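Novice: Compute the structure for the input listed below.
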Amino acid sequence: MNDKKIEDELKKIWDETPISHSDSEKEASWEEFQSKAFASKKPKVKIWRYAAAAAILVFALIGTGIYFNRGPVEQNIILASNVIENTTTKIKTVFLPDSSKVELSPHSKLTYANNFETNRKIEIEGEGYFKVKKDKKHPFQVFCNETTTTVLGTSFSVIGQDEDGVIVKLFEGSVQMTIKDQDKKWILVPGETFTYENNTAVVTEFKRFIDFDNEKLTAVSAYIQENYGYKVILPQEYHNQRITVRINKKEDLKIIVQLISEMYNLNFEINDELKEVTFQ
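Specialist: Take a look at the predicted model:
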């Protein structure tokens, strides 16, 4: 490998370090290192000198603490961060840079790094419901108190409790749960709840669907209004229509509305400003 290739490879390593410093700081630091390690007027360089240069690079990074952090990587999430808080009394919908969606509950907060699309680590305080975009190359991790939820693509809720407690409910897909300083892993399947409290982890089942068995269509309308905040307006002649349906408790509103529309051959309009769904 010639000098130029080795120089390029070391430059690549230097640039791929975590994000605690700006690009301009990295560039200045690289140029200083480059001027020392690859002086143009030196005689032909032997292989051992490249090893020495690499050793200097690693020593410089670790010794100065510029780019490396103490402790496990997954526990050091935020070096340069974005913070989103929900200070309102209503659920706030947040779209992350990778197109994943979070329904952030009142008085809750999200924090994630600037390079989130390739470093999908996020910290939550409070409660949030996540619908994660699949990306096998970049696992999605949610940190809450002492727990880590790792997913590839799924929907789940994370609720941070007082005194470091956490509740994770899985609605779709699968997630892996870990706890700080513990080797054990828990793999959840849809319909399972992971509860961590008082240094104890428990996995239990929960009911992730709501069933309407030959009930009036107005019962579904009431469910939509209570859980999604949208008033449903039905034609008068449909008020006594009966319906049998199973709905995922975290299903998108539009999916539920489309289902009703197809079952009864109705058109619909969703007015987000008025928070109304009108069938006709």
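
Novice: For the rest of this, base every contact and every neighbour count on C-alpha atoms.
Specialist: Noted.

Novice: Tell me the helix or strand right after the helix or strand of the chain with the lowest mean pLDDT.
Specialist: Of the helices and strands making up the chain, the lowest-confidence element is helix 47-64, at a mean of 34, by mean pLDDT, DSSP states H and E. As assigned by DSSP states H and E, the chain's next helix or strand after helix 47-64 is strand 81-86.

Novice: which outside residues touch that next one?
Specialist: Applying CA atoms under 8 Å, 6 or more residues apart in numbering, the contact partners of strand 81-86 are 92, 104-114.

Novice: Counting by contacts, list what the helix or strand just after that strand packs against.
Specialist: Under the assignment DSSP H and E, the closest C-terminal helix or strand after strand 81-86 is strand 92-95. Packing partners of strand 92-95 (3 or more CA pairs under 8 Å, 6 or more residues apart in numbering; DSSP states H and E): strand 101-104.

Novice: remind me which residues of the stretch 101-250 of the chain are low pLDDT?
Specialist: Within the stretch 101-250 of the chain, the stretches with pLDDT under 70 are 152-153.

Novice: how about the helices of it, start to end?
Specialist: Ranges of helices in the stretch 101-250 of the chain, per DSSP state H, counting those that start in this stretch, are 217-228.

Novice: Could you count how many residues lie near the closest residue to S105 other than its chain neighbours?
Specialist: Of all residues not flanking S105 in the chain, I91 sits nearest, at 4.7 Å (CA to CA, 6 or more residues apart in numbering). One way to gauge burial is a neighbour count; for I91, by other CA atoms under 10 Å, it gives 19.

Novice: Would you report the backbone torsion angles of I91?
Specialist: Here is the backbone geometry of I91 (degrees, to the nearest 10): phi -70, psi 140.

Novice: how near is it to I255?
Specialist: Taking CA to CA, to the nearest Å as the measure, I91 and I255 are separated by 19 Å.

Novice: Same check on C144?
Specialist: With distances taken as CA to CA, C144 is found 30 Å from I255.

Novice: again, but for N114
Specialist: Computed with CA to CA, the distance linking N114 and I255 is 32 Å.

Novice: Same drill for the two, tell me which one is more crowded.
Specialist: For N114 against I255, the residue with the higher neighbour count under other CA under 10 Å is N114, and the figures read 17 against 11.

Novice: Tell me which residues touch the residue nearest to S105, please.
Specialist: Going by CA under 8 Å, 6+ apart, I91 touches 103-106.

Novice: T149 is in contact with V142, correct?
Specialist: Yes: when contacts are counted by CA atoms under 8 Å, V142 is listed as touching T149 (5.0 Å).

Novice: For stretch 146-156, C-alpha coordinates in CSV please.
Specialist: Extracted as CSV, the C-alpha positions of stretch 146-156 are listed here (Å, rounded to 0.1, in the frame of the first residue of the first chain):
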residue,chain,number,x,y,z
GLU,A,146,-30.9,1.8,33.1
THR,A,147,-32.5,-0.2,30.2
THR,A,148,-31.8,-0.4,26.5
THR,A,149,-34.5,-1.4,23.9
THR,A,150,-32.9,-2.5,20.6
VAL,A,151,-35.0,-3.0,17.5
LEU,A,152,-34.7,-3.2,13.7
GLY,A,153,-38.3,-2.2,12.8
THR,A,154,-41.4,-2.4,15.0
SER,A,155,-43.8,-0.5,17.2
PHE,A,156,-43.6,-0.3,20.9
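
Novice: which parts of it are buried?
Specialist: 147-156 (16 or more other CA atoms under 10 Å).

Novice: Any chance of JSON lines for these, columns distance to S81?
Specialist: What follows is these, written out as JSON lines (distance: CA to CA, whole Å):
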{"residue": "T147", "distance to S81": "20"}
{"residue": "T148", "distance to S81": "18"}
{"residue": "T149", "distance to S81": "19"}
{"residue": "T150", "distance to S81": "20"}
{"residue": "V151", "distance to S81": "21"}
{"residue": "L152", "distance to S81": "22"}
{"residue": "G153", "distance to S81": "23"}
{"residue": "T154", "distance to S81": "24"}
{"residue": "S155", "distance to S81": "24"}
{"residue": "F156", "distance to S81": "23"}
